[in-house]
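Visitor: Everything below, folded, please.
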Amino acid sequence: MYLSQLYLKNFRNYNQEHLKFNKNINLIIGSNAQGKTNVLESIYFLGTASSHRTNIDSELVNWKEDGLYLKGELIKNNQEIQLEISLMGRKKEIKVNSNSLQRINDLMGYLNIVIFSPEDLNLVKGSPSLRRKFINIEISQISSYYRHLLGKYGQILKHRNNLLKDIRDKKSPKEMLEVWNQQLIDLGSKIIKKRLESLNKLGILARLMHRKITDGLESLELKYDTELEIDSNSLEEEIKSSFKLKLKEKEDNEIYRGVTTIGPHRDDISLIVNNIDIRKFGSQGQQRTTALALKLAELEFMKGETGEYPILLLDDVFSELDINRRSQLLETIRDKIQTFITSTDLADLDQLKGNHQIFKIKNGSVFEV
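Guide: Residues are numbered from 1 along each chain as shown. This is a model prediction of the structure:
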């Protein structure tokens with residue numbers, strides 16, 4: 001799978017650009033604040049209808065304009081697929097091969113993407129929400145059913161939280177919780193089961209990548225971190241049973257707080273290196289190595305699940321990696337994964353060999369070198 005070309009109109013600081021890409025490596029070079037990351041963001045937006053930098057779509061529109069338009073041509077399974085996204089005010093329209101999609105979620109899976117930026121180093125040491133987002137995006141790109149579960153669970157969670165507040169304020173009887181509890185348990189257990197299955201596969205790949213980067217000196221283990229009394233091989237019925245018991249146990253406290261404290265929306269992923277939780281106690285080098293291992297494992301996981309490698313976006317990460325980590329990254333992607341790399345200096349990419357295309361960014365314009 002690769003993106004053969006991209007047309008941008010009024011996206012961030014770009015007025016209008018038509019870019020034709022190499023199916024292997026694409027280098028995007030330029031000084032800071034020229035728009036390098038904006039190119040990667042436009043690709044990410046084309047594949048997911050969301051930005052990895054902001055939750056406010058209007059921020060993506062060129063400040064002098066009212067809307068934006070993106071069109072990309074994708075080669076997948078030897079077939080050409082055309083993706084289009086237009087944004088005008090709050091209206092977002094998505095088309096695949098000129099056919100409008102009824103739901104934004106239906107876009108996921110066409111253009112699978114893995115992005116690695118300096119902010120992803122926080123994947124290890126940052127808040128649990130970052131690791132939940134990581135696993136959610138990863139599974140969502142390969143499973144429309146999982147995307148559906150997340151959406152429904154979010155709706156049920158919102159209703160249940162409102163009910164908890166009403167019960168606390170004596171506006172609703174406690175007995176009304178049972179209906180929402182059952183829906184929360186059913187949906188939440190399916191989400192957790194899917195995460196456990198995916199994490200089992202991802203954990204094996206991440207451990208292999210991590211051992212390779214550290215020359216076998218360190219061993220990485222991924223564990224699903226939840227208050228439920230389950231393990232990595234628990235059946236869905238076992239998850240439901242534990243979920244139900246925990247909800248009952250926390251009921252009074254949740255009513256008092258007016259918020260649901262148990263479920264997949266509160267879970268985390270433990271990252272253990274040589275029996276040490278590096279989320280809290282790892283060195284900066286260990287945390288960077290683990291973040292890189294997770295991203296490389298994500299590439300292989302998606303290849304195993306879909307049959308094709310995703311597109312890889314590397315946003316100014318080479319300056320953050322030492323020579324050994326750069327070598328491992330380049331060895332993984334070379335000649336098999338279409339990759340877009342931004343950098344301020346070509347010297348950061350001295351180790352790069354093989355077929356590649358260079359783009360120079362200056363003042364919101366793109367020039368092929």
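Visitor: Give the next helix or strand downstream of the helix or strand of the chain with the lowest mean pLDDT.
Guide: Across the helices and strands of the chain, the lowest-confidence element by mean pLDDT, DSSP states H and E is helix 323-333, at a mean of 83. Using DSSP states H and E, the helix or strand that directly follows helix 323-333 along the chain is strand 339-343.
Visitor: What's the first helix or strand after that following strand?
Guide: Scanning the chain past strand 339-343 towards its C-terminal end, the next helix or strand to appear is strand 356-362 (assignment: DSSP H and E).
Visitor: Where do the strands of the stretch 151-300 of the chain begin and end?
Guide: Read by DSSP state E, counting those that start in this stretch, the stretch 151-300 of the chain holds these strands, from start to end of the chain: 220-225, 268-273, 276-277.
Visitor: can you list contacts of the last one?
Guide: Contacts of strand 276-277 from elsewhere in the structure, counted by C-beta atoms under 8 Å, 6 or more residues apart in numbering, are 270-271, 282. (C-beta placed from N, C-alpha, C; glycine too.)
Visitor: partner strands of that strand, parallel or antiparallel?
Guide: Partner strands for strand 276-277, per DSSP bridges, with pairing direction: strand 268-273 (antiparallel).
Visitor: quick check, distance from the partner strand to the centre of its chain.
Guide: For strand 268-273, the distance between its averaged C-alpha position and the chain's averaged C-alpha position is 17 Å (C-alpha atoms, centre = their mean, to the nearest Å).
Visitor: Surely residue 12 touches residue 35?
Guide: Yes. Here residue 12 reaches residue 35: they are 6.5 Å apart, a contact under C-beta atoms under 8 Å.
Visitor: ok, the closest residue to residue 14 other than its chain neighbours to residue 365 distance?
Guide: Nearest-residue entry for residue 14: residue 8, 5.0 Å, with adjacent residues in sequence omitted and distances by C-beta to C-beta, 6 or more residues apart in numbering. Distance of residue 8 to residue 365, computed by C-beta to C-beta, to the nearest Å: 11 Å.
Visitor: okay, those two: which has more neighbours?
Guide: The residue with more neighbours, out of residue 8 and residue 365 and counting by other C-beta atoms under 10 Å, is residue 8; that gives 25 against 15.
Visitor: picking up where we left off before, okay, and the common contacts of residue 8 and residue 365?
Guide: Listed contacts common to residue 8 and residue 365 are 14, 17; contacts here mean C-beta under 8 Å, 6+ apart.
Visitor: Pick out the residue closest to the middle of the chain.
Guide: Within the chain, the residue whose C-alpha comes closest to the C-alpha centroid is residue 137; the distance, by C-alpha atoms, centre = their mean, is 3.9 Å.
Visitor: so it is in which element?
Guide: With elements delineated by DSSP H and E, residue 137 resides in helix 128-140, which encompasses its position.
Visitor: quick one: residue 176 and residue 163 touch, right?
Guide: Yes. With contact defined as C-beta under 8 Å, residue 176 counts as touching residue 163 (6.0 Å).
Visitor: out of those two, which sits in the more crowded spot?
Guide: Per other C-beta under 10 Å, whichever of residue 176 and residue 163 has more neighbours is residue 163, with 22 against 13.
Visitor: Could you verify my assumption that the more buried one touches residue 179?
Guide: No. Proximity of residue 163 to residue 179 does not meet the contact threshold set by C-beta under 8 Å, at 9.2 Å.
Visitor: For the contacts of strand 276-277, which single residue is the most surrounded?
Guide: When neighbours are taken as other C-beta under 10 Å, the top entry among those is residue 271 (28 neighbours).
Visitor: so what's it up against?
Guide: 124, 220-222, 277-279, 282, 290.
Visitor: Tell me how this protein divides into domains.
Guide: The record's domain parsing of the chain by automatic domain parsing lists 1-112+309-369, 126-307.
Visitor: which stretches of the chain have low pLDDT?
Guide: For the chain, applying pLDDT under 70 flags the ranges 348-351, 353.
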